[in-house]
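Sharing a model that was predicted from the sequence below.
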Amino acid sequence: MIVLMRHAESEGGTGRCIGRTCLPLSAEGRERAEEAARRMVGAGFVRLCSSPASRAVDTLAPLAVRLGLEPEVLPDLDEIDMGEWDGLPFAEVRWRFPDAYASRGRDFAEFRPPSGESFADVADRAMSVLRRLAAGPRPVLAVTHAGFIRCVLCRLTGHPLGDLFHFTPGFTTCTVIGGEPGNLEVVGAGLAPSLLLPVLLS
(Lines give C-alpha, C1' and ligand atoms only; values in the text may rest on other atoms or scores of the structure.)
Protein backbone atom coordinates (compact mmCIF):
# COMPACT_ATOMS: atom_id res chain seq x y z
CA MET A 1 0.00 0.00 0.00
CA ILE A 2 0.94 3.63 -0.54
CA VAL A 3 -0.38 6.05 2.08
CA LEU A 4 -0.52 9.73 1.17
CA MET A 5 -0.88 11.96 4.21
CA ARG A 6 -1.47 15.68 4.06
CA HIS A 7 0.90 17.64 6.28
CA ALA A 8 -0.26 18.98 9.63
CA GLU A 9 -1.68 22.48 10.04
CA SER A 10 0.68 25.33 9.19
CA GLU A 11 0.48 29.03 9.95
CA GLY A 12 0.83 32.19 7.90
CA GLY A 13 -1.05 31.08 4.80
CA THR A 14 -4.50 32.58 5.35
CA GLY A 15 -5.59 34.75 2.43
CA ARG A 16 -2.42 34.05 0.45
CA CYS A 17 -1.65 32.04 -2.67
CA ILE A 18 0.40 29.23 -1.21
CA GLY A 19 2.25 26.63 -3.23
CA ARG A 20 5.98 26.34 -2.61
CA THR A 21 6.06 29.15 -0.04
CA CYS A 22 7.68 27.93 3.18
CA LEU A 23 5.27 27.87 6.11
CA PRO A 24 6.00 26.57 9.63
CA LEU A 25 3.70 24.19 11.44
CA SER A 26 1.40 25.85 13.93
CA ALA A 27 1.40 24.76 17.57
CA GLU A 28 -1.69 22.66 16.82
CA GLY A 29 0.04 21.25 13.77
CA ARG A 30 3.01 20.10 15.83
CA GLU A 31 0.66 18.41 18.29
CA ARG A 32 -1.22 16.67 15.47
CA ALA A 33 2.03 15.47 13.93
CA GLU A 34 2.97 13.88 17.26
CA GLU A 35 -0.49 12.35 17.59
CA ALA A 36 -0.31 10.95 14.05
CA ALA A 37 3.05 9.37 14.88
CA ARG A 38 1.59 7.68 17.95
CA ARG A 39 -1.34 6.34 15.94
CA MET A 40 0.73 5.13 12.98
CA VAL A 41 3.77 3.61 14.65
CA GLY A 42 2.32 0.10 14.34
CA ALA A 43 1.31 0.41 10.67
CA GLY A 44 4.34 -1.51 9.44
CA PHE A 45 5.81 1.20 7.23
CA VAL A 46 9.15 0.22 5.73
CA ARG A 47 9.69 3.48 3.85
CA LEU A 48 8.96 7.11 4.69
CA CYS A 49 8.91 9.86 2.07
CA SER A 50 8.19 13.57 2.19
CA SER A 51 7.72 16.62 0.06
CA PRO A 52 10.65 19.05 0.38
CA ALA A 53 8.38 21.60 2.08
CA SER A 54 9.28 22.11 5.74
CA ARG A 55 5.63 21.69 6.78
CA ALA A 56 5.71 18.17 5.30
CA VAL A 57 9.18 17.27 6.58
CA ASP A 58 8.27 18.44 10.08
CA THR A 59 5.00 16.48 10.02
CA LEU A 60 6.86 13.27 9.21
CA ALA A 61 9.72 13.78 11.68
CA PRO A 62 8.03 12.41 14.85
CA LEU A 63 7.12 9.13 13.13
CA ALA A 64 10.58 8.83 11.59
CA VAL A 65 12.13 9.11 15.05
CA ARG A 66 9.78 6.49 16.50
CA LEU A 67 10.47 4.04 13.66
CA GLY A 68 14.19 4.77 13.34
CA LEU A 69 13.79 5.33 9.60
CA GLU A 70 15.46 8.04 7.53
CA PRO A 71 12.86 9.97 5.53
CA GLU A 72 13.41 10.37 1.79
CA VAL A 73 12.71 13.83 0.40
CA LEU A 74 11.12 13.52 -3.04
CA PRO A 75 10.65 16.78 -4.99
CA ASP A 76 7.79 15.27 -7.01
CA LEU A 77 5.69 15.14 -3.81
CA ASP A 78 5.75 18.94 -3.52
CA GLU A 79 2.73 21.21 -3.74
CA ILE A 80 1.88 23.04 -6.96
CA ASP A 81 4.39 25.71 -8.00
CA MET A 82 2.44 28.96 -8.19
CA GLY A 83 5.36 30.79 -9.80
CA GLU A 84 5.20 34.58 -9.55
CA TRP A 85 1.99 34.32 -7.56
CA ASP A 86 3.43 32.17 -4.79
CA GLY A 87 3.08 33.73 -1.38
CA LEU A 88 1.13 36.78 -2.57
CA PRO A 89 -2.21 37.75 -1.03
CA PHE A 90 -5.05 36.73 -3.34
CA ALA A 91 -6.22 40.35 -3.44
CA GLU A 92 -2.82 41.39 -4.81
CA VAL A 93 -2.89 38.60 -7.41
CA ARG A 94 -6.29 39.78 -8.66
CA TRP A 95 -5.03 43.36 -8.83
CA ARG A 96 -1.64 42.71 -10.46
CA PHE A 97 -2.67 39.91 -12.84
CA PRO A 98 -6.35 40.51 -13.68
CA ASP A 99 -6.31 38.88 -17.12
CA ALA A 100 -4.37 35.82 -15.95
CA TYR A 101 -6.59 35.49 -12.90
CA ALA A 102 -9.66 35.50 -15.15
CA SER A 103 -8.02 32.85 -17.37
CA ARG A 104 -7.49 30.67 -14.32
CA GLY A 105 -11.19 30.77 -13.61
CA ARG A 106 -12.00 29.70 -17.17
CA ASP A 107 -9.60 26.73 -17.28
CA PHE A 108 -8.66 25.75 -13.76
CA ALA A 109 -6.93 22.47 -14.67
CA GLU A 110 -4.66 23.73 -17.45
CA PHE A 111 -3.91 27.30 -16.33
CA ARG A 112 -0.30 28.04 -15.39
CA PRO A 113 0.55 31.18 -13.41
CA PRO A 114 3.65 33.00 -14.69
CA SER A 115 6.70 30.71 -14.19
CA GLY A 116 4.51 28.15 -12.41
CA GLU A 117 2.65 24.88 -12.88
CA SER A 118 -0.87 23.89 -13.84
CA PHE A 119 -2.81 21.31 -11.88
CA ALA A 120 -2.51 19.09 -14.95
CA ASP A 121 1.28 19.33 -14.54
CA VAL A 122 0.92 18.38 -10.88
CA ALA A 123 -1.28 15.41 -11.78
CA ASP A 124 1.30 14.15 -14.28
CA ARG A 125 4.19 14.25 -11.81
CA ALA A 126 1.98 12.87 -9.04
CA MET A 127 1.09 9.79 -11.05
CA SER A 128 4.72 9.35 -12.06
CA VAL A 129 5.98 9.35 -8.47
CA LEU A 130 3.11 7.09 -7.37
CA ARG A 131 4.13 4.48 -9.93
CA ARG A 132 7.70 4.64 -8.63
CA LEU A 133 6.51 4.26 -5.03
CA ALA A 134 4.29 1.36 -6.05
CA ALA A 135 7.35 -0.53 -7.27
CA GLY A 136 8.33 -0.93 -3.61
CA PRO A 137 9.27 -1.34 -0.92
CA ARG A 138 5.82 -1.06 0.65
CA PRO A 139 3.92 -0.11 2.72
CA VAL A 140 5.19 3.42 2.26
CA LEU A 141 4.02 6.66 3.82
CA ALA A 142 4.40 9.85 1.77
CA VAL A 143 3.65 13.19 3.42
CA THR A 144 2.49 15.67 0.82
CA HIS A 145 -0.08 18.41 0.15
CA ALA A 146 -3.76 18.95 -0.51
CA GLY A 147 -3.26 19.94 -4.16
CA PHE A 148 -1.18 16.84 -4.84
CA ILE A 149 -3.71 14.54 -3.19
CA ARG A 150 -6.63 16.17 -5.00
CA CYS A 151 -4.89 15.61 -8.34
CA VAL A 152 -4.26 11.95 -7.50
CA LEU A 153 -7.89 11.41 -6.53
CA CYS A 154 -9.08 13.02 -9.76
CA ARG A 155 -6.79 10.88 -11.90
CA LEU A 156 -7.60 7.61 -10.13
CA THR A 157 -11.36 8.12 -9.90
CA GLY A 158 -11.96 9.81 -13.25
CA HIS A 159 -13.31 12.96 -11.59
CA PRO A 160 -12.73 16.10 -13.71
CA LEU A 161 -9.47 17.80 -12.79
CA GLY A 162 -11.11 21.17 -13.21
CA ASP A 163 -13.29 20.27 -10.22
CA LEU A 164 -10.47 19.03 -7.99
CA PHE A 165 -11.79 21.01 -5.01
CA HIS A 166 -14.56 18.42 -4.89
CA PHE A 167 -12.04 16.54 -2.74
CA THR A 168 -11.18 18.02 0.66
CA PRO A 169 -8.24 16.21 2.29
CA GLY A 170 -7.88 17.50 5.84
CA PHE A 171 -4.66 18.03 7.76
CA THR A 172 -2.96 14.69 8.62
CA THR A 173 -5.72 12.70 6.91
CA CYS A 174 -4.65 9.75 4.79
CA THR A 175 -5.42 8.50 1.30
CA VAL A 176 -4.58 4.85 0.72
CA ILE A 177 -3.55 3.69 -2.76
CA GLY A 178 -3.29 0.04 -3.71
CA GLY A 179 -2.53 -1.98 -6.82
CA GLU A 180 0.46 -2.33 -9.08
CA PRO A 181 2.39 0.49 -10.80
CA GLY A 182 0.28 0.26 -13.94
CA ASN A 183 -3.05 -0.30 -12.21
CA LEU A 184 -3.37 1.87 -9.12
CA GLU A 185 -6.64 2.34 -7.25
CA VAL A 186 -7.99 4.29 -4.29
CA VAL A 187 -8.53 1.96 -1.31
CA GLY A 188 -9.55 4.66 1.17
CA ALA A 189 -9.61 8.45 1.45
CA GLY A 190 -10.03 11.01 4.19
CA LEU A 191 -8.89 8.56 6.86
CA ALA A 192 -7.69 9.81 10.22
CA PRO A 193 -4.43 8.19 11.35
CA SER A 194 -6.40 6.34 14.04
CA LEU A 195 -8.43 4.58 11.32
CA LEU A 196 -5.49 3.66 9.11
CA LEU A 197 -4.29 0.43 10.73
CA PRO A 198 -7.43 -1.64 10.03
CA VAL A 199 -7.21 -0.66 6.35
CA LEU A 200 -3.54 -1.56 6.04
CA LEU A 201 -3.87 -4.79 8.00
CA SER A 202 -7.06 -6.01 6.33
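Yep, it's here. Residues are numbered from 1 along each chain as shown.

Now do the strands in this structure.
2-6, 47-50, 72-73, 140-144, 174-180, 183-191 (DSSP state E).

quick one: which of the ones you listed is nearest residue 29?
Between residue 29 and these, the shortest separation by C-beta to C-beta is 10.9 Å, and it involves strand 2-6. Bear in mind the C-beta positions are built from the backbone N, C-alpha and C, glycine included.

Nearest residue to the middle of the chain?
Centroid check for the chain by C-alpha atoms, centre = their mean gives residue 145 as the closest residue, at 2.3 Å.

Identify the residue spatially nearest to it, adjacent ones excluded.
Counting by C-beta to C-beta, 6 or more residues apart in numbering, the nearest residue to residue 145 once its immediate chain neighbours are dropped is residue 79, at 3.8 Å.

Hmm, the one you found is touching residue 148, no?
Yes. Using C-beta atoms under 8 Å, residue 79 is in contact with residue 148, at 6.3 Å.

Now do the shared contacts for these two.
Both residue 79 and residue 148 are in contact with residue 51, where contact means C-beta atoms under 8 Å, 6 or more residues apart in numbering.

These two: who's more crowded?
A count of neighbours by other C-beta atoms under 10 Å puts residue 148 above the other of residue 79 and residue 148, at 28 against 23.

need the contact list for the more buried one.
Listed by C-beta under 8 Å, 6+ apart, the contact set of residue 148 reads 4, 51, 77, 78, 79, 80, 122, 126.

can you tell me which residues contact the nearest residue to residue 35 once chain neighbours are set aside?
On the basis of C-beta to C-beta, 6+ apart, the spatially nearest residue to residue 35 that is not a chain neighbour turns out to be residue 193, at 7.2 Å. Under the criterion of C-beta under 8 Å, 6+ apart, the contact list for residue 193 reads 5, 35, 36, 39, 40, 172, 174.

What is the nearest of those residues to residue 15?
Set against residue 15, the nearest of the contacts of residue 193 by C-beta to C-beta is residue 172 (22.6 Å).

That closest one contacts residue 32, doesn't it?
Yes. Using C-beta under 8 Å as the test, residue 172 is close enough to residue 32 to be in contact (5.1 Å).

which residues do the two both contact?
Taking C-beta under 8 Å, 6+ apart as the contact rule, residue 172 and residue 32 both touch residue 8.

Would you indicate which residues of stretch 5-15 are buried?
Within stretch 5-15, the residues that qualify as buried by neighbour count (16 or more other C-beta atoms under 10 Å) are 5, 6, 7, 8, 9, 10.

Measure how buried the nearest residue to residue 197 once chain neighbours are set aside is and give me the count.
Residue nearest to residue 197 in three dimensions, not counting chain neighbours: residue 43, with 5.7 Å by C-beta to C-beta, 6+ apart. Neighbourhood size, residue 43 [other C-beta under 10 Å]: 19.
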